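Peer 1: how would this look folded up:
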Amino acid sequence: MVFSYTIKPCIYGSIACWLNNTKSISVITGLGYVFIKNNLLTLIVKLLYKFALKHNYQVWFLNKDDKEEFLKQKIINNNYKIHILNGEGINTEYFKPSKGNKKNDSNIKFILIDRMLWDKGIGEYVEAARILKQTYPYTKFYLLGPIDVDNPSAIPKSQIDKWGLKGVVEYLGVRNNVKEILKNVDCVVLPSY
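Peer 2: Model prediction:
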């Protein structure tokens, strides 16, 4: 049994499993930037998905909306063995908020943790920060995560640096101690297309 995640492994892995007579389950973790646009690449990816997934033992989705989009686009149909996962698992005890962890600071602090891609809603987060800082100038907005240069939706480091120089957001880079950073913020923001 082979489990594959993300676009390329789901497509190529499903085809390889079919050719080798091996059961496979594709986990559709998100639609990605390909589904936001409507161009030749989108058409090719949809056709590849349609061909590859029909050979799967099962297709799993992380949310109902993505499943509905695959049905609407006729990439899959109701004959497939479809499952919706209730998440991939986060240790809620490890990331559980505890009282008294936040430093004694009256400034509200927001953080967005993600890859630095336009498709992840980074631009909207920065615009919201810009608007809120006009009324609440001491409010802090942080960005945490890698700059993904290989993605067509990547935000250049120069743009992130400009936002930082203007005092709109502070880019924290990539960190291994996310739990420690979360202790010092009030709100985690997760926008995405």
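Peer 1: Can you list the buried residues in the strand or helix carrying Gly13?
Peer 2: When elements are defined using DSSP states H and E, Gly13 is found to belong to helix 7-19. Across helix 7-19, burial judged by 16 or more other C-beta atoms under 10 Å covers 7, 9-11, 13-18. C-beta here means a position set from N, CA and C on the backbone, and glycine is covered the same way.
Peer 1: how about the helices in this structure?
Peer 2: Assigned by DSSP state H, the helices in the chain fall at 7-19, 40-53, 64-72, 122-135, 157-165, 178-182.
Peer 1: Tell me which of those helices is the most buried.
Peer 2: Highest mean neighbour count among the helices of the chain (mean count of other C-beta atoms under 10 Å): helix 7-19, with a mean of 18.
Peer 1: can you give me the angle that one makes with helix 40-53?
Peer 2: On the basis of axes from the mean of the first three to the mean of the last three C-alpha atoms, to 10 degrees, helix 7-19 is oriented at 40 degrees to helix 40-53.
Peer 1: one step back: and of the buried residues of helix 7-19, the nearest to Asn91?
Peer 2: Using C-beta to C-beta, Pro9 comes nearest to Asn91 of these, at 24.6 Å.
Peer 1: Show me the domain layout of this protein.
Peer 2: Per the record, the chain has its domains at 2-84, 109-188, by automatic domain parsing.
Peer 1: Lowest mean pLDDT across those domains, which one is that?
Peer 2: Among the domains of the chain, domain 2-84 carries the lowest mean pLDDT, at a mean of 85.
Peer 1: now it: how far from the chain's centre is it?
Peer 2: Here domain 2-84 is found 17 Å from its chain centre; the criterion is C-alpha atoms, centre = their mean, to the nearest Å.
Peer 1: how long is that domain from one end to the other?
Peer 2: 18 Å (C-alpha to C-alpha, to the nearest Å).
Peer 1: Let me see the confidence value for Lys103.
Peer 2: Note on Lys103: pLDDT of 56.
Peer 1: Next, the contact list for Asn91, please.
Peer 2: Residues near Asn91 by C-beta atoms under 8 Å, 6 or more residues apart in numbering: none.
Peer 1: Nearest to Ile113, out of the helices of the chain?
Peer 2: Evaluated with C-beta to C-beta, these place helix 178-182 nearest to Ile113, the distance being 6.7 Å.
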